[in-house]
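J.: sequence-free structure coming up:
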Ligand code: TRP
Ligand code: ZN
């Protein structure tokens, strides 16, 4: 085409007067080695790879870069044969050959139409492991997992997870894989966790590599869940994709729900649910309560990459879970079958999904759909009245939904509220007429009343079992009722929640004691409930480890209207020490019982035993010298990273004299393993130490730290503001200033990562006046930067406007 007929700028290509039908050929020159944004085609070490979601494809070539443009791709790659022996793209390899000049080429064809955000290309010197999977209809699928040579020994668990995920999706959703080959490539530099590119997933190494001596139990769990997640996208995301990016939760919420179900089926369902809820309440509730609160289906954005949020992912998953609860598993499955059949090969909307759910089930979901359009966490107040004479329990519910940016005066929501009734001092649960011990109340009005007649005596209300809706519940339990629930509730989530409420109350009272300079007192009911949990049989040790964990400082702060940074820190520390002092003998005995010389295995019982043992270790370590040798011995003798890291953490957080000696030894041993070095960064960033910020500043210039590596940034800088609130919110503003410095430097290199880091400054409204000024000043400083990315701009600007 003649020059005058088109205009090409870096941002767009304008073709004047195109004919009705035409073939467009574009030739572009790009520089992957200069691409530090890690979006489009970039280099990670010596490896070429792509990341096209959300809008990276346009950084490779001009294209109709929107998810509703579905195309088949034929990709031919030419490269130097020694530098890039491996050349991959989506679909099936159909031809390859050598070129005369030491180069070679390959040709890949992906028969499935797809949006360009699912395009992928990889070129480099990689090694791989292979396996295969036979689908339910008898087709054989080759499975290949690629990594750098030194990492192939750490890919086996991910491969096993992939096979488990493939079998699970057939069994639970009837979904079969559709190509002859499924490839996964692990790369060191990656903005997110992983990417579901058709037939060629690209993963952050963090979610692939694991060996007992390098990875902790949580890493194994994360690998299983992320490998599952990306695999499940093949149907929920790829075969049926999103019409536009406002529908992102259509694929992400649904796929998170699917990966949560998968993990629950693979390991311990109760603890899995607790951890998912804990994560939701720590992060999503905070987001929903801040300046960036947005609905599961947002209605505006400046930068789509800022909307890969915990609301889209995790609240989105809760919305799907509620549909699953309302329809029941069989009807939900039928509706999913219909959704996949009807929309296969299309780009659709959240409305389409809900319409199928409603049509197949016959349930009217008009009101339910508010969960997609309204931001904010609904608040449910509960009152109960027990009548001794009639043995009837009346439960009154009141719902409100707080205002969020741009949304006020919200109508009531459709809330599925799962409840049970527990008789105190007994473990025989109450049965509803349905013959079940849990009943799901349909709470749809602003105020509603429910009655439970014919009781044996006054029961304790077990509310929101399994966290049946993403809401806040407010009910004035007595402490002894909570202790009964911790002990006798049959729902693991509700047991844990009762324990959480007891901890929260104690912290609140300790904060009040501190304010009025009274001696610190710890609730007797909490002490006795905690002690009884410690002395329980370890039949579900992992659950016990969760029941014994005091909520994080960050979560406790968020429960307050105004952060009491100093108070929560002191109270948290005091409470943990008191609990340890009161139970040290039993804890030490249990610790000894749980200790084992058996080789590491990632398996539910062993994971649980380690979790509980290390929970006790972390309590005992708060008592200082008395248990220092126990901690040091575990550090030195551990035969796996889970135990080793737990010991190092206990050392670092309790001002051990030998702290730097152990930290150095650990680094020396593991400096060749970037993912272990990330753990070393994170541990120091979270350290309870008055010099933590100066240590972090030192680590930013450490040769093992690179601002261009997202994992390094998340581990060191992200962990500091997320997990170390006391020092991050230092009264001199040094934490805010440090974070702003990093955001500014990052923004010039990698705006997506910069935007994730600026989230640490956005919720300044929760701070006291003095700190508000300090945090706002840093946001203003960031906004004044020339050529600031729209990623960071959108967040900082919206926060200051709020
Ligand atoms: N679609 C990916 C997932 O959830 C998320 C993702 C991968 C992503 N890479 C990204 C999101 C880059 C934003 C930017 O599985
Ligand atoms: Zn996803």
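T.: Looks like it came in fine. The structure displayed is predicted, hence computed values, not measured ones. Residues are numbered from 1 along each chain as shown. Ligands and ions are numbered 1, 2, ... in the order given.
J.: Other residues contacting the helix or strand harbouring residue 647?
T.: Applying DSSP states H and E as the criterion places residue 647 in helix 641-652. Defining contact as Cβ atoms under 8 Å, 6 or more residues apart in numbering, one finds that helix 641-652 is touched by 212-217, 600, 610, 613-614, 617-618, 621, 631-632, 634-635, 638, 658-659, 662-663, 666, 676, 679, 683-684, 687, 689. For glycine as for every other residue, the C-beta is placed from the backbone atoms N, C-alpha and C.
J.: and the direction of the next helix or strand after that helix versus that of helix 641-652, what angle?
T.: Using DSSP H and E, the helix or strand that follows helix 641-652 in sequence is helix 659-670. Per axes from the mean of the first three to the mean of the last three Cα atoms, to 10 degrees, the angle that helix 659-670 makes with helix 641-652 is 150 degrees.
J.: State the mean pLDDT of the helix or strand just after helix 659-670.
T.: Sequence order places helix 674-685 as the next helix or strand after helix 659-670, per DSSP H and E. Averaged over helix 674-685, pLDDT sits at 98.
J.: cool, and stretch 174-192?
T.: 98.
J.: Name the residues of it that come out as buried.
T.: For stretch 174-192, a neighbour-count test (16 or more other Cβ atoms under 10 Å) marks 175, 177-179, 181-192 as buried.
J.: What helices and strands are in contact with the helix ranked longest in the chain?
T.: Counting residues, the longest helix in the chain under DSSP state H turns out to be helix 565-594. Helices and strands touching helix 565-594, by 3 or more Cβ pairs under 8 Å, 6 or more residues apart in numbering; DSSP states H and E, are helix 492-515, helix 524-534, helix 553-558, helix 604-621, helix 725-728.
J.: Mind putting the ones you listed into CSV with mean pLDDT and mean neighbour count?
T.: Formatted as CSV, the helices and strands packed on helix 565-594 follow (pLDDT from 0 to 100; neighbours: other Cβ atoms under 10 Å):
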stretch, mean pLDDT, mean neighbour count
helix 492-515, 98, 21
helix 524-534, 95, 18
helix 553-558, 97, 21
helix 604-621, 98, 22
helix 725-728, 98, 22
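J.: List the contacts of the residue of the chain found nearest ligand 1.
T.: Ligand 1 sits closest to residue 192 of the chain, with a gap of 3.5 Å, by Cβ to the nearest ligand atom. For residue 192, the contacting residues are 51, 204, 308, by Cβ under 8 Å, 6+ apart.
J.: near ligand 2, from these?
T.: Restricting those to those touching ligand 2 (Cβ under 5 Å from the ion) yields no residues.
J.: Next one: the residue of the stretch 551-700 of the chain found nearest ligand 2 from residue 681, what distance?
T.: The minimum distance from the stretch 551-700 of the chain to ligand 2, using Cβ to the ion, falls at residue 675 (21.2 Å). According to Cβ to Cβ, to the nearest Å, residue 675 and residue 681 sit 11 Å apart.
J.: which one of these two has more residues nearby?
T.: For residue 675 versus residue 681, neighbours defined as other Cβ atoms under 10 Å are more numerous around residue 681 (27 against 22).
J.: That one and residue 713 touch, don't they?
T.: No: if you go by Cβ atoms under 8 Å, residue 681 and residue 713 don't touch, sitting 9.4 Å apart.
J.: Residue 190 looks like it's in a strand, true?
T.: No: going by DSSP: H, G, I helix; E, B strand; the rest coil, the assignment for residue 190 is coil, not a strand.
J.: List the contacts of it.
T.: 38, 44, 51, 202, 203, 204, 205, 710, 711.
J.: same check, this time on residue 416
T.: Contacts of residue 416 (Cβ under 8 Å, 6+ apart): 322, 325, 326, 440, 441, 442, 443, 468, 469.
J.: hmm, 10 Å instead?
T.: 321-326, 368, 440-444, 464, 468-469 (Cβ atoms under 10 Å, 6 or more residues apart in numbering).
J.: can you give me phi and psi for it?
T.: phi -80, psi 110 (degrees, to the nearest 10).
J.: So for it, what's the pLDDT?
T.: As predicted, residue 416 sits at a pLDDT of 98.
J.: Repeat that for the one 3 residues further on.
T.: Residue 419 is assigned 98 on the pLDDT scale.
J.: Now do the longest helix of the chain against helix 492-515, angle only.
T.: 130 degrees.
J.: wait, does the longest strand seen in the chain make contact with ligand 1?
T.: Looking across the chain with DSSP state E, the single longest strand is strand 103-114. No: contact of strand 103-114 with ligand 1 is not found when judged by Cβ under 6 Å from any ligand atom; the minimum separation is 13.3 Å.
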